[in-house]
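> Quick one, what's the 3D model for this:
(one chain, ligands or ions: 1)
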Amino acid sequence: MNDPYHPLGDARLYRGVFVERPNRFLMRCAVPRYGTVEAFVANPGRMDELLFPGVTPVALTRVPADVERRTRWTCVGCDTPDGEPLFLDTHRTNDVAAHLIDQALVPGLKGWRVEQREVPVGHSRFDLQLARGSRRLFVEVKSCTLFGGEGVAMFPDAVTDRGRRHLEELAQMGSGGAASERPVVLFIVHSPHIRWFMPDYHTDLAFSRTFLAVRDRVRILPVGIRWNRDLSVAPESVRVKIPWKFLDRHVDDRGAYLLLMRLRGPRRISIGQLGEHRFEAGSYIYVGSAMAHLSRRVERHLRRRKRHHWHIDDLRQVADDVAALPIRSAQRQECQLAASVSRYASIAMKGFGSSDCSCDSHLYYRAEPPMEDVEFHRILQQFRMRAPSPSP
Ligand SMILES: [Zn+2]
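Below you'll find the predicted structure:
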């Protein structure tokens, strides 16, 4: 009864290395003896912090010969940067959740059994309907692969309007009665080492605000699970806490941000009163903050045309591939963030963006794109995924 569960049945696993992901559903992977193969990936998440070209080990299955499909492979798993196996196939997250519930392995849902899958309710569909005697419970299942920092998991890893709507719909179904009667959102966190679960308010502020707003009508239940190397799931799960007080304080549109930019070739650029400066081809990381209206600030940076006000505006105007990474917080941590980035990348220009503080610069240079670098993601997670302390 308490054996590991194999969501892939007895499908054979092939090992390879991640090469690239041209779009959300397609991956290229190098598989020994098969060369570079195209694989379908059944996971809508971005997974930027997991998939590193030429580095990340992946697990694949082959599509049986009699099944018609363009890609002949499916990527079903990968290793985390810490070397732990991780299951990626979100099409089977409901199978895993149903198995754990039926085996009474989900704290908070013991005694319930799965009665129906893909239950239509109004205009929506919910993943599971549970039964216990004459009582019924709706469960929406979400798969969470974004975790790290100090034992913190976050969801979503990309903006999800659908996820936010699901929360609202579940909240409308919840009567506000006893906690055990409320519809459930079950977050399956694919790691047993996680202590805290939070909505990712850095990436999706609207989802996070809804997450906080529905807490009295929806039971939010995050559990951590352990994957074995053969992509079976261990017969156990760990309840993960939500630090509500911490979230009430920090889920707000303020904090610091990193702006990533790329110059395709070297450029001489005039930077405000600092004068002209030669910028090499490569990647630039700018550290800024806005302790109010952070979204508006970030949107301003993403626009090319505007009246120039800051040093960064002069560089941004000629830069390509501009991307912003908000790091929301009630605390001012811009210079602390700059100090961490300065240990990772070199100063691009002295005095840039640091007229009002004692930092040497707020602009850093690195030849290769930071988003494809494990070390950069560690810095990002160190700031984005701080454990609530000293008490939640
Ligand atoms: Zn500073």
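> pretty sure Val37 is touching Val63, no?
No: shown here, Val37 and Val63 do not form a contact pair, counting by C-beta atoms under 8 Å, at 11.0 Å. Where you see a C-beta, it was placed from the backbone N, CA and C, and this is true even at glycine.
> So which of the two has more stuff around it?
Remark: of Val37 and Val63, Val37 carries more neighbours, 19 against 16, as counted by other C-beta atoms under 10 Å.
> Distance check, that one against Leu26.
Per C-beta to C-beta, to the nearest Å, Val37 is found 11 Å from Leu26.
> okay, now Arg264: neighbour count?
Arg264 has 11 nearby residues by other C-beta under 10 Å.
> Might you list the low-confidence residue ranges for the stretch 1-150 of the chain?
Filtered on pLDDT under 70, the stretch 1-150 of the chain yields the residue ranges 1.
> Spatially central residue for the chain, please.
Computing the C-alpha centroid of the chain and ranking residues by C-alpha atoms, centre = their mean puts Asp157 first, at 2.6 Å.
> Excluding chain neighbours, what is closest to the residue of the stretch 1-150 of the chain at minimum distance from the ion?
Here the stretch 1-150 of the chain gets closest to the ion at one residue, Gly149, 22.3 Å apart by C-beta to the ion. The spatially closest residue to Gly149, leaving aside those adjacent along the chain, is Met385, at 2.7 Å (C-beta to C-beta, 6 or more residues apart in numbering).
> Likewise for Met154?
The spatially closest residue to Met154, leaving aside those adjacent along the chain, is Asp200, at 3.9 Å (C-beta to C-beta, 6+ apart).
> again, but for Arg215
Nearest to Arg215 is Trp244, by C-beta to C-beta, 6+ apart, at 7.1 Å.
> and that neighbour, how far is that from Gly272?
According to C-beta to C-beta, Trp244 and Gly272 sit 44 Å apart.
> Buried residues, stretch 290-297. List them.
Under the neighbour-count criterion of 16 or more other C-beta atoms under 10 Å, stretch 290-297 has Ala290, Met291, Leu294, Ser295, Arg297 buried.
> ok, now stretch 169-177?
By 16+ other C-beta under 10 Å, the buried positions in stretch 169-177 come out as Glu169, Leu170, Ala171, Gly174.
> for stretch 119-135, same thing?
For stretch 119-135, burial by neighbour count (16+ other C-beta under 10 Å) applies to Phe126, Asp127, Leu128, Gln129, Leu130.
> What of stretch 56-64?
Buried positions in stretch 56-64, judged by neighbour count with 16+ other C-beta under 10 Å: Thr56, Val58, Ala59, Leu60, Thr61, Arg62, Val63.
> what's the farthest-apart pair in the buried residues of stretch 290-297?
Pairwise distances across the buried residues of stretch 290-297 peak at 12.9 Å for Met291 and Ser295 (criterion: C-beta to C-beta).
> So which residues on the stretch 251-392 of the chain come close to the ion?
With the criterion set to C-beta under 5 Å from the ion, the stretch 251-392 of the chain comes near the ion through Cys335, Ala338, Ser354, Cys357, Cys359.
> buried subset of these?
Of those, these count as buried by 16+ other C-beta under 10 Å: Cys335, Ala338, Ser354, Cys359.
> Surely the second one touches Leu363?
No: using C-beta under 8 Å as the test, Ala338 is too far from Leu363 to be in contact (9.1 Å).
> Identify the contacts common to those two.
Residues touching both Ala338 and Leu363 (C-beta atoms under 8 Å, 6 or more residues apart in numbering): Val287.
> quick one: contacts of the strand or helix carrying Phe376?
In the assignment (DSSP states H and E), Phe376 maps to helix 374-384. Outside helix 374-384, the residues within contact range by C-beta under 8 Å, 6+ apart are 48-49, 52, 55, 81, 148-149, 154, 200, 202, 256, 258, 325, 327, 329, 333, 337, 340-341, 344, 370-371.
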